[in-house]
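K.L.:
Sharing a model that was predicted from the sequence below.
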Amino acid sequence: MTKLSRPQPPVAMTIAGSEVTGGAGALADIKTFTSLGVFGSLALTCIVAFDPENDWAHRVTPVDQETLANQLQTISAAYDLDAVKIGMLGSPDTIHTVAKAMTELKPRHLVLDPVLICKGQEPGAALDTDQALKAEVLPLATFVTPNHFESLSLSGMNEIDNVEDLKEAAKRIHDSSGATVLAKGGVRLSGPDAVDVFYDGSELEVLSEPKVGEVPVSGAGCSLAAAVAAELAKGASEIDAARTAKAFVSAGIRHRLDSHLPFESLWQGGLAAES
């Protein structure tokens with residue numbers, strides 16, 4: 001097949017679960033890539049649905065490991081990937097499959113949204129999954145975007161109550177992982193602004209936007225990490241990628257979507273609507 005000589009968009013892959021309403025997960029990632037001018041591909045780890053007759057409880061269907069491995073093999077062979085974003089993995093087996101593929105691929109930019117689920121230290125599937133993520137995937141990441149709870153877990157801190165605490169958490173996570181960190185305070189910290197902290201080992205910057213309400217919006221974390229990956233794929237520096245991602249998510253929250261769900265969802269078209 002003859003290839004035409006023409007400009008090509010950067011290419012990124014997301015490895016994540018499908019949240020079927022479209023507000024978060026892989027669908028949010030792909031919409032973020034497209035909104036920021038990056039061609040997106042997807043290796044699906046699970047399908048997340050809800051039960052509207054049971055307080056919208058989660059229904060999670062994992063993708064089997066052979067199917068996941070086949071997706072990763074296909075995408076890695078098809079494209080020279082400019083960045084990879086990892087979201088929800090959900091089980092130690094899935095984490096092992098993804099870690100093996102990423103160890104072989106060695107992407108230049110590997111952005112991890114470290115979806116941790118264990119609230120305590122009791123033995124069980126949740127703790128096993130979180131420990132596997134920290135042991136097998138976190139060391140491979142070049143950039144990590146923990147939320148408030150994940151920053152507590154990854155830093156080992158007992159509390160993160162203010163910006164100074166968040167700065168300390170970002171430094172600890174970088175020191176232990178080697179990855180650049182964008183630690184998200186969001187609406188969890190008091191004050192009029194949603195504050196995140198960027199730290200790459202030398203440069204520390206506080207990114208701040210006025211809060212839009214006091215309740216988290218679905219898809220914000222997914223879209224932030226995906227936006228970082230998209231900007232890195234386009235050649236941006238890490239700090240510029242973080243700044244753009246912050247602006248992208250803030251606009252998406254301002255233009256968030258209401259529904260019959262018990263939460264509102266970020267709209268990835270928000271920044272374009274304001275430009």
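P.N.:
Structure's in. What do you need? Numbers count the residues shown, from 1 in each chain.

K.L.:
make it CA atoms for all contacts and neighbour counts henceforth
P.N.:
Noted.

K.L.:
which stretches of the stretch 101-250 of the chain form strands?
P.N.:
Counting by DSSP state E, counting those that start in this stretch, the stretch 101-250 of the chain has strands at residues 110-112, 143-144, 180-186, 193-199, 204-210.

K.L.:
Can you tell me which of the ones you listed is nearest to Ala28?
P.N.:
strand 110-112 (15.0 Å; C-alpha to C-alpha).

K.L.:
For the closest one, what is the distance to the chain centroid?
P.N.:
On the basis of C-alpha atoms, centre = their mean, to the nearest Å, strand 110-112 sits 8 Å off its chain's mean C-alpha point.

K.L.:
List the contacts of the longest strand belonging to the chain.
P.N.:
If each strand of the chain is counted by residues according to DSSP state E, the longest one is strand 39-51. Strand 39-51 is contacted from outside by 9-21, 26, 30, 33-34, 56-63, 68, 71-72, 75, 88-90, 94, using C-alpha atoms under 8 Å, 6 or more residues apart in numbering.

K.L.:
Show me what stretch 233-247 is in contact with.
P.N.:
For stretch 233-247, contacts defined as C-alpha under 8 Å, 6+ apart pick out 10-12, 38, 82-83, 109, 180, 182, 198, 207, 209, 223-225, 227-229, 231-232, 271.

K.L.:
Would you indicate which residues of it are buried?
P.N.:
Ala233, Lys234, Glu238, Ile239, Ala241, Ala242, Arg243, Thr244, Ala245, Lys246, Ala247 (16 or more other C-alpha atoms under 10 Å).

K.L.:
for Lys171, what are its contacts?
P.N.:
Contacts of Lys171 (C-alpha under 8 Å, 6+ apart): Val181, Tyr199, Gly201.

K.L.:
Return the closest of these with respect to Pro216.
P.N.:
Val181 (20.3 Å).

K.L.:
pretty sure that closest one is touching Glu203, no?
P.N.:
No: using C-alpha atoms under 8 Å, Val181 is not in contact with Glu203; the gap is 10.6 Å.

K.L.:
quick revisit: out of the contacts of strand 39-51, name the ones that lie in helices.
P.N.:
Counted as lying in helices by DSSP state H, out of these, are Ala26, Ile30, Phe33, Thr34, Leu68, Gln71, Leu72, Ile75, Thr94.

K.L.:
So which of the residues you listed wins on neighbours?
P.N.:
Counting neighbours by other C-alpha atoms under 10 Å, Ala26 comes out on top of those with 33 neighbours.

K.L.:
so it makes contact with Gly17?
P.N.:
Yes: with contact defined as C-alpha under 8 Å, Ala26 counts as touching Gly17 (5.6 Å).

K.L.:
what is in contact with these two at once?
P.N.:
Common neighbours of Ala26 and Gly17 (C-alpha under 8 Å, 6+ apart) are Leu44, Gly87.

K.L.:
any chance of the contacts of Lys171 in CSV, plus distance to Leu140 and neighbour count?
P.N.:
Shown next, in CSV, are those (distance: C-alpha to C-alpha, whole Å; neighbours: other C-alpha atoms under 10 Å):
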residue, distance to Leu140, neighbour count
Val181, 13, 31
Tyr199, 17, 25
Gly201, 17, 15
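
K.L.:
can you redo the residues you listed as CSV with pLDDT?
P.N.:
What follows is those, written out as CSV (pLDDT from 0 to 100):
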residue, pLDDT
Val181, 98
Tyr199, 98
Gly201, 97
